[in-house]
Every structure is written in C-alpha cells, then in structure tokens.
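Chemist: Here is my input, please return the structure:
(2 chains)
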Protein chains: 2
Amino acid sequence: MTDHRRLRVALLGAGAVGSQVAALLLKHADELADRAGASLELVGIAVRDLDAPRETDLPRELFTTDAESLIVGADIVIELMGGIEPAKTYLLQAINSGADAVTANKALLATHGPEIFDAADQVGAQVYYEAAAAGAIPIIRPLRDSLAGDRVRRIMGIVNGTTNYILDRMDTEGADFADVLAQAQALGYAESDPTADVEGYDAAQKAAILASLAFHTTVPLDAVHREGITSIDKATIDSARHAGYVIKLLAVCERLDAEPGVDGQESISVRVYPALIHRNHPLASVHGANNAVFVEAEAAGNLMFYGAGAGGVQTASAVLGDVVSAARRHIAGGVGVAESTRANLPIVPIGHVTTRYQITLEVDDQPGVLATVAGILSEGRVSIATVEQTVIDDAALGVPVARLVIGTHKAREQDLSDTVDRLAASGVVERVVSVLRVEGD
Amino acid sequence: MTDHRRLRVALLGAGAVGSQVAALLLKHADELADRAGASLELVGIAVRDLDAPRETDLPRELFTTDAESLIVGADIVIELMGGIEPAKTYLLQAINSGADAVTANKALLATHGPEIFDAADQVGAQVYYEAAAAGAIPIIRPLRDSLAGDRVRRIMGIVNGTTNYILDRMDTEGADFADVLAQAQALGYAESDPTADVEGYDAAQKAAILASLAFHTTVPLDAVHREGITSIDKATIDSARHAGYVIKLLAVCERLDAEPGVDGQESISVRVYPALIHRNHPLASVHGANNAVFVEAEAAGNLMFYGAGAGGVQTASAVLGDVVSAARRHIAGGVGVAESTRANLPIVPIGHVTTRYQITLEVDDQPGVLATVAGILSEGRVSIATVEQTVIDDAALGVPVARLVIGTHKAREQDLSDTVDRLAASGVVERVVSVLRVEGD
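Modeler: Residues are numbered from 1 along each chain as shown, chains lettered A, B, ... in the order given. Coordinates of the predicted model:
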C-alpha cells in the first residue's frame, strides 16, 4: 500500500447495512485505499443506543450518539439511519459542510430528493445513492451515466424482494398468501409489519427514484400510482398460470408519446401494481427474493440488471462503491455533477395509461350473457383479444354460474375501469373476480 | 433549452457505430445538452474516404479526411475507427491536447490500454470506454465504480454475439456449425472472415478489459488463455444437452485464493473457451446474438447484466452515455480519475486453473477397459463424478467400440491435460472425442 491522502468518513447508523459497511471498511482498508487513491478513515459511527446489539464486532470506541459532531469535518458522510428525520437534517448538514453524501435512504430521496440534490448543487457536493434502489444491483449509475445519451422508453422492475418471494412461492408451490407471508416473516424476508412491502410503498419509492433518473424529471412520490399484492390469491395465480403468465409486483416507469393530432409533449407514467407477465419474459424467471430491472431504451434496446435487492452485506457493497467513487471525486477535484431533471415531463394519472388487461368475471350461466358482456366492453372501447368460459360447478352459489376470463387488447385505464363498473352493474355479472394489467409486450 | 456552454466534439470514424453516434448527436442535440449541462457541438467527422456509402444521412460538410486538424481544439474526441493504428496515435494526440477520449476500441484498449490510461493520467484527462465490452450493456461503470468497494470473485461473460448466435442455433435447431456460420454471415451476424469471433479473439480482448477492471490489475492480452468454438460439433452439443448442459463461449475472469500452506498472495486467471454450463444457470437462457455478464462478488453476491452486445445503434447508446459523462466532467472541473491497477495480481497460466470437466472417449468395448480408464484418471489426480457408457453400433469402426462420457470433480487443468494424454496413449482409448470444461458451479 502506498502512502495516501486521508479522507475522513463518518457513518450514521449501524443496523444491518451500516454494521456491514463499517466492518468491510475496516477489513479491506488497504485495498479500498489503493482503489480510491485515498485512505478511508472511519472516524466514527453515530447510533441512537450505544448498547444495542450489533451484527458484527466493531471497535467500541468508534460509536457515538453525537451525530452532529461526527459530521463536522468529515469528507464523506454515509447515512444509513433510514427514515426521514433526523436523517434529512444530518444529510443536509453534511452537504452544507462540504462533505459528499452517500445514502441508501429511498424514503428520504423519494420524498425530499430535490431539496437534497439542490443543496448539494449549491455547494458543489455530490450525493451518491446506488444502494437506494434494487440493493446490490448497479442500476443508478447505468441510468444516470451509461444511458445518459439514450432515451429510456420503459422500465419494468421487480424492486421489492419480499413481495417477489411471496408471489414466487405462491406460484411455484400453490401456497396461500397468508401462509407464505407468515413463513417469510419467520425467515426474516418480511418485516413483522409487512405493510411497506406488501402494499407496494417500498416499490413506489424505488419507482420514483428510477423514473426521476430515467426521464430527467422530478417524480414526487404521490405521483406514483400504487397497488399492493394483498388481493392476489391462489385462484388468481392459478388462473394466470393457466393463461401462460406469472404475477409479479412491477414498478413500471413509462414514457408516453404525445397524443397524435395534439400539439403536446411526451409525458410519463410511474406505477406500481401486481401485473401479469408472460412466462417467456426475462422478468418471469426472477425467483425468490431477487430483484431485476428491465430497461427498454430507444438505441440500446432491451437491457436487464439482475441480483440481490436487499440484505445487509449485499447493500453494503453498493454503499462502499459509492464511498470509493466519492473518494475518487475528492482526489480529482471539481464540483459534483447535478442531477439532470431539466426534461421535467408531465406525469399522467393512472387513468391515461394504456395496457392490456385480464378481466375475470363470474356471470350467470344463461343464454345471451356473453353477448351482453361483449357489448358492454365494445361500448366502453375495450377490445377483446381472448375469452375463456368455464362452468363453475358449485351448488352453494344457488344459480348456475360461469367464469369468464377475458384478455383485452390495449385499452386506456379510465375506459377499462368505467367499463368494469358498468359490467358490475349490468345484472348479468355476479362478481368481478379480478382485473389485472398485462405488462411486458 | 437553456443557454449552455458549448463543448466541441470530434468524431473519428463513420462506420456502423460512428454514423449512428453522429446521427443521434444531431437529432437529440437539445435533450443531450440539457442532460450534459453543455451543448455538444459535433465539429466534424474524420473518415478515410469522403465518398464511402454511409448508413445514415449526415451533413456532407461535417466530413473531413484530416483527423489531426479535427482533434486540435476538441474538448471530447470519440474514436470509432477500430484497429490499432492510426486510432492509437489519434487517441493519444487527443489526450495530450487535453481532450477527454471516448472509445469503443477493444483491440486498442486490450493491447495498449496502460499506455493510453497513463497518458490520460499525466494530463488529468479521462478515457471512457463503456462500448468496448458487451456493446450496449452497462458493465464498465458497474465494475469500475459500483463494485469498487467489493471484491469480485469471478466474472463469466457471454461477450461475443456471433458465437452465441451460432451455438444457440446449433443447440435449439440441431444445426451444424458450418451451416449456421454461413447463415450468420448472410444475415450480417458474422463477418466474411469470422476468425476474430469464432476463434475467440474478440472475446479475449473483452475478457482482458473486464478482468483489468474487476481485479485492479493490468491484464495483457497474451495472458488471456483463448480457445474458439470451431471444434464444437453437433455431437458435442447433443451430448451436452443429454447431460443437462448447454455450450457457451465464456470469458471467465477468476480470482484464485493463495495456495493453502504457502505464504503467497491471491492470483487471477483470465480465459476464453467453450464450456458446459448447466441449463438452470441464468447464462444458459441467453439466446441469439445477445450478451450477458454474470458477476460473483464477495459482498454483492451474484449479479447479471444482460442486453445487446453489438449493433451500430445499440453500441452508439453506450458511446453517447460516455460523451454525456465526459461533458459533465468538463463542466464540473477537476482531473480525470486514473484507472485502478494497484492490486496487480499475478496472472496464472491455464495449467493452474481448477474446474470440472466432461471427457468424452471412444474406447475398446472389452472387459477391464473401464477399470483401466478409471485407474489412469485416479493416478492423474482426476476424480470421477459421473460416468455414462454406451455401445456404439457402427460396423465401420471395425472393432467393438463404446463411448464413455466422464464428468469429473474439480481438477487442475495441468493434471487433467496430462491425464488425457496418458489416456490417449493407453491402448484402450480409440479416440478422445472431446474434453470440455464445466463452468458455473
């Protein structure tokens, strides 16, 4: 190891990711110094409780409860506390004192990203956040830099490992949602309060971050349409499989062409929902708690980035890559590169989005019912691609009932939704079993 | 579009990639300027022949045969001429005049990379080369930056589209090598002289570039062990399929632990050869002319990067990403970041490598032959994992002959190779049909 300039690194947070970051910074100090061109001196680790149990053995004297003093004089501040406050205050304090910031905090970036990026731009600092979307998978740099000369058409991401684990086990084992969730909690794949995962909040934060980068547009979290997977039951999964599909919770970030005949501009849609995807699509083979991001770009064509989306040591890899990048930038001099948001395309509500759908209905098993259903769809500008009708042999229902699974051509979400309301009120439909989007083609 | 600083961009070469780069630079000028923070003025395109046919319509007045004058005063020079000279002279001239350099020239980087990177380091310029390995797939930045804090254990890459197209069609259609090659040539997937692709020279250049980045080590091209796919016939593919494998031309870059009991250091191996890979492995589903790079890192775990490995417009995407990055760096100030090669691990010859093997032999169909073969393997420190013997019913062979397909446990290449020589000379082996490595586990 050569003699290096020393950079002071402050770490905020020592949870699953933070403790791994600290351990690897210490363990590989010489190697990291050679790569960074600067020795990375971990000056302290700010925690709330000095006596809390840690996953790794770290020198006791590094710990402090005084984050603010730690930040003063640091060259690089790593924020791994999570949550909005006090993380935001500390991050801004670090930036305003001239430090580069590294964070994995998707909630913070998805809600206060513009304020943080602006603060960094004001002082010429840089914010690194490779770990904030899709964990260990390098997706931020590819979108921010490698694809900066291209035009992204669409991103479809499996960006939440917990829901992918649940849906994958439901699909491969025919298990029930509640059972798999309970097992996922026991194995540590799901939190005791699984809301953030199963209701799609986590995926929506990542979708906002990915869409902001891909479309050079500030995407506020509340502009992301979000649906979770709690309504997906065994029957829905089976029906999807029967039709050649698998159900994945997808974060879809899409560029929409200007409407023909209107002197408008392009717009974007950002949405998170469980969707059917054909089993031949590369995303269909993403199993377990893995993540993958499928990117369709005008020039590059189709790209996919695959790997572990979570996990302490995996996410630590992304954080440390950012720390080395920050150190290299310190050595190289110059100011940080501002986030590119000058396109600032309008974000359309979900009603404007066009996809294919699979509608599953229980209808009266009587002559003329299919004609009535088809008529309502046609009036609603929803064009039928496939129909499969099966008779349900269930005396408990009282009346003879048939199940209709209708695959549509591309339709506008608002038209589809209005049409489903009319179907429900038509008198021939006993129950709307499910309405799912079909993505990936 | 806001008022931007202007950067002068010189393009050397207007072939399949160059003409697309020029067309996109002009077409998306406003958008690229907003993203880069600087307007990217294409000041000229240096070509050998002003009247050569081009793939895209470009303004006639941009073309010149005087590359040297074009380079003078350029802020960013894009080298897409290919080959060693005059590309190298021009690239060094650009760097020495203070320009940032963007190149897709894998041959040049694999043979003269250190000289070019040193020149850039001397003047504080930066060399960008995302397009030099795996075309449109962002793999350079992930290795250079995102994984800079991790330790890569192994890279397995399908980095040559032509050979993947040939092997995939042989596998899926049972076609013969020569037939598929001829069709690939007719479709433009293979050159009229296919040597660089089918003999693995192209893949070896990319392997050298990827290994240099992954292991922070200068990897000279002649340190890359290289074998092509011309010996892979229909029978070999069928036999692989029968055993649950597919054959891919793999670029393998591997970190080897220090030998136990020796006070040594880690080393690396870089090799290109056709190898068996299990059909469950993500690389097995890479079809057609696509590329994919599978990375195993200590902290991040397994990652895969997938996409188009070649094509004019696809590669142009990677080049333009580099141009935007170079422009952002110009605006930000500071010097370029030097390539990290301080680890400079020793590169071991192929004989030191340890993998599993599949050995296919034709042996005399007589009592005791299997015992003799097993004895020779055992003496040679090659441990048998699986054996399958089938009788070949072919009168033309004169003597009764059996086919033995032997799967080995991990063995050292030198031991394996010596053992195969002894088998060939043993008197009981009529023919060594094939010896293939098994990768991916």
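
Chemist: For chain B, see how far away the residue of chain A positioned farthest from its centre is.
Modeler: What lies farthest from the middle of chain A is A:P367; by CA atoms, centre = their mean that is 45.8 Å. With distances taken as CB to the nearest CB, to the nearest Å, A:P367 is found 47 Å from chain B. Backbone N, C-alpha and C define where each C-beta goes, glycine included.

Chemist: Tell me the spacing between that residue and A:P400.
Modeler: Distance of A:P367 to A:P400, computed by CB to CB, to the nearest Å: 11 Å.

Chemist: other SSEs contacting the longest helix belonging to chain A?
Modeler: The longest helix of chain A (DSSP state H) is helix A:312-332. Packing partners of helix A:312-332 (3 or more CB pairs under 8 Å, 6 or more residues apart in numbering or on different chains; DSSP states H and E): strand A:5-12, helix A:16-27, helix A:29-36, strand A:38-46, strand A:76-79, strand A:100-103, strand A:127-128.

Chemist: try 6 Å this time
Modeler: helix A:16-27, helix A:29-36, strand A:100-103, strand A:127-128 (3 or more CB pairs under 6 Å, 6 or more residues apart in numbering or on different chains; DSSP states H and E).

Chemist: ok, and for the longest one, which residues are buried?
Modeler: Put plainly, it is helix A:16-27. Buried positions in helix A:16-27, judged by neighbour count with 16 or more other CB atoms under 10 Å in any protein chain shown: A:16-26.

Chemist: what residues does that helix touch?
Modeler: Helix A:16-27 has contacts (CB atoms under 6 Å, 6 or more residues apart in numbering or on different chains) with A:11, A:42, A:45, A:54-56, A:58, A:80, A:312-313, A:315-316, A:319-320.

Chemist: Tell me which of those residues has the lowest pLDDT.
Modeler: Ranked by pLDDT, the contacts of helix A:16-27 bottom out at A:E55 (74).

Chemist: where's it relative to chain B, distance?
Modeler: Distance from A:E55 to chain B, by CB to the nearest CB: 14 Å.

Chemist: If you tally nearby residues, what's the number for that residue?
Modeler: For A:E55, the tally of surrounding residues (other CB atoms under 10 Å in any protein chain shown) stands at 15.

Chemist: So the closest residue to it other than its chain neighbours versus A:G309, what's the distance?
Modeler: The spatially closest residue to A:E55, leaving aside those adjacent along the chain, is A:S19, at 4.7 Å (CB to CB, 6 or more residues apart in numbering or on different chains). Separation of A:S19 from A:G309 (CB to CB): 19 Å.

Chemist: Contact partners for A:R279?
Modeler: A:244, A:246.

Chemist: Quick check: phi and psi at it.
Modeler: For A:R279, the backbone dihedrals (degrees, to the nearest 10) come out as phi -60, psi -20.

Chemist: Could I have the buried ones of the contacts of helix A:16-27 as ChimeraX selection syntax?
Modeler: To isolate the buried ones among the contacts of helix A:16-27 in ChimeraX, judged by 16+ other CB under 10 Å, type:
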select /A:11,42,45,54,56,58,80,312,313,315,316,319,320
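
Chemist: Nearest to chain B among the contacts of helix A:16-27?
Modeler: A:L320 (2.4 Å; CB to the nearest CB).

Chemist: wait, doesn't the closest one sit right on B:G149?
Modeler: Yes. Assessed by CB atoms under 6 Å, A:L320 is found in contact with B:G149 at 2.4 Å.

Chemist: related to what we said a few turns ago, so which of the buried residues of helix A:16-27 is the closest to chain B?
Modeler: Out of the buried residues of helix A:16-27, the member with the shortest distance to chain B (by CB to the nearest CB) is A:L24, at 6.5 Å.

Chemist: Fine, thanks again, bye for now.
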